[in-house]
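Q: generate coordinates for the sequence data below:
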Amino acid sequence: MATATVAAAPAVRTGKQPGIRPSGWVGFLFIAPNLLGVVAFTLIPLISVVVLAFTDWNLVSGLGGITFTGVDNFVAIARDPGFWHAIALTLAYVAVSVPLTVILGLGLGIALNRPLPAVPYCGRSSSSRTS
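A: Sure thing, here's the model as predicted:
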């Protein structure tokens, strides 16, 4: 009578190596300094500005001088003709400076992308093209 030999099943890998434990807090430690900077220099000032926009506060009077005004600050600025003049000047500046900057930057980029006439006389350069 013949006996059949059965090969052992391959070991199933679980993805874990012995002696190494995955832990989530290690990753948090790597991003903690950056997260602290974002909170300290972005989120706290942003929240402070939003809160102070709805108050009337004189810095000299300290924290006791904060009074809630609601949207009165925004109504007052919308009624000020100097505000609307400043908005008009800002829009005019943007309408001129942004297209001018884009056109000049594009023109300079195109001009610098061409081979320079003095390059063959100066030896090999990083700006020269090989055809």
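Q: using CSV, write out every CA atom in the helix or strand bottoming out on mean pLDDT in the chain.
A: Among the helical and strand segments of the chain, the one scoring lowest on mean pLDDT, DSSP states H and E is helix 24-38, with a mean of 88. What follows is helix 24-38 as a C-alpha-only set of coordinates in CSV (Å, rounded to 0.1, in the frame of the first residue of the first chain):
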residue,chain,number,x,y,z
GLY,A,24,-0.3,55.4,17.4
TRP,A,25,1.3,57.8,19.8
VAL,A,26,4.7,57.6,18.2
GLY,A,27,3.4,59.1,15.1
PHE,A,28,1.7,61.9,17.1
LEU,A,29,5.1,62.7,18.7
PHE,A,30,6.6,63.3,15.3
ILE,A,31,3.9,65.8,14.3
ALA,A,32,3.5,67.4,17.8
PRO,A,33,6.0,70.3,17.3
ASN,A,34,4.5,71.3,14.0
LEU,A,35,1.0,70.9,15.4
LEU,A,36,2.0,73.1,18.4
GLY,A,37,3.2,75.8,16.0
VAL,A,38,0.1,75.7,14.0
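Q: which parts of the helix or strand following it count as buried, going by neighbours?
A: Proceeding C-terminally, helix 24-38 gives way to helix 44-53 as the next helix or strand, assigned by DSSP states H and E. Of the residues in helix 44-53, none are scored as buried under the neighbour-count criterion (16 or more other C-beta atoms under 10 Å). Yep, even glycine has a C-beta here, placed from its N, CA and C like the rest.
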